[in-house]
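Peer 1: Everything below, folded, please.
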Amino acid sequence: MDQTITLRRAALTDLDGIDRLLGRSYPRLLAADYPPSALVLAVPRFARAQPELLSSGRYFVAEGPQGRILGAGGWSRRNPAGRSAVADTGHVRHVATDPDVARQGVGRMVMMRVMQEAREAGVRWLDCLSTRTAVPFYQALGFRNMHAQELLLGPGISFPVMRMLIDLRPA
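Peer 2: Predicted coordinates:
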């Protein structure tokens, strides 16, 4: 069986495939670190592809055999809450890996591309709101924990995350 994985820029036509990826990924991979009550309220609010990210040219998909999307992620100038951009800071956005290929390098492939492209665009700092589950993944890439915070997803709905940061300047 062909196990080739290709990485490419996302397009709006990937919307349904990314929705399916997020729907497979978040509930299964986050279950060990969040109570079911948090997941049932939060996941439907953030497990949806965002058309503006897909059309930005800064969002990528890792495709496996038969075009199945196995990983995705990107970055933006504006933070996830839509606040104004800071010139030398980018924000990691909507990174996910299919649970069937978790810990096999797909997420790393996506994030290496994200970091490379952000660096080439003049970004010095890459900011990330990580789930508890993904903290070790981002640490392995060189991100540092800044502080825990609550991501507000709606009235009375918050989700614990870790704010992380990496300096993209060459060492």
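
Peer 1: Tell me the confidence at residue 19?
Peer 2: Here the pLDDT value assigned to residue 19 is 95.

Peer 1: That one: helix or strand, and which one exactly?
Peer 2: Element membership of residue 19 [criterion: DSSP states H and E] is helix 15-30.

Peer 1: Quick one: distance of that helix to the chain centre.
Peer 2: 11 Å (C-alpha atoms, centre = their mean, to the nearest Å).

Peer 1: Other residues contacting the helix or strand of the chain with the lowest mean pLDDT?
Peer 2: Ranking every helix and strand in the chain by mean pLDDT, DSSP states H and E puts helix 36-46 at the bottom, with a mean of 87. The contact list for helix 36-46 (C-beta atoms under 8 Å, 6 or more residues apart in numbering) reads 22, 26, 27, 30, 31, 34, 94, 153, 154, 157, 159, 160. C-beta coordinates here come from the backbone N, C-alpha and C atoms, glycine included.

Peer 1: for stretch 58-73, same thing?
Peer 2: With C-beta under 8 Å, 6+ apart, stretch 58-73 has contacts from 1-10, 14, 17-18, 20-22, 53, 74-76, 92-98, 100-101, 106-107, 109-111, 113-114, 117-118.

Peer 1: re the thing from before, flag every buried residue along the next helix-or-strand element following the least confident helix or strand of the chain.
Peer 2: Toward the C-terminal end, the helix or strand that comes next after helix 36-46 (DSSP H and E) is helix 51-54. The neighbour-count check on helix 51-54 (16 or more other C-beta atoms under 10 Å) flags 53, 54 as buried.

Peer 1: what is the mean pLDDT for the helix or strand following helix 51-54?
Peer 2: As assigned by DSSP H and E, the chain's next helix or strand after helix 51-54 is strand 59-63. Mean pLDDT, strand 59-63: 98.

Peer 1: Only alpha carbons, please: show the next helix-or-strand element following strand 59-63 as CSV.
Peer 2: Remark: after strand 59-63, the chain's next helix or strand is strand 69-76, criterion DSSP H and E. Extracted as CSV, the C-alpha positions of strand 69-76 are listed here (Å, rounded to 0.1, in the frame of the first residue of the first chain):
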residue,chain,number,x,y,z
ILE,A,69,-6.3,14.8,4.6
LEU,A,70,-4.2,13.4,7.4
GLY,A,71,-2.9,16.7,8.9
ALA,A,72,-3.5,20.4,8.6
GLY,A,73,-2.3,23.6,10.1
GLY,A,74,-1.2,27.1,9.4
TRP,A,75,-0.5,30.5,10.7
SER,A,76,-1.9,34.0,10.5
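
Peer 1: so where's the chain uncertain?
Peer 2: 1-2, 81-85, 171 (pLDDT under 70).
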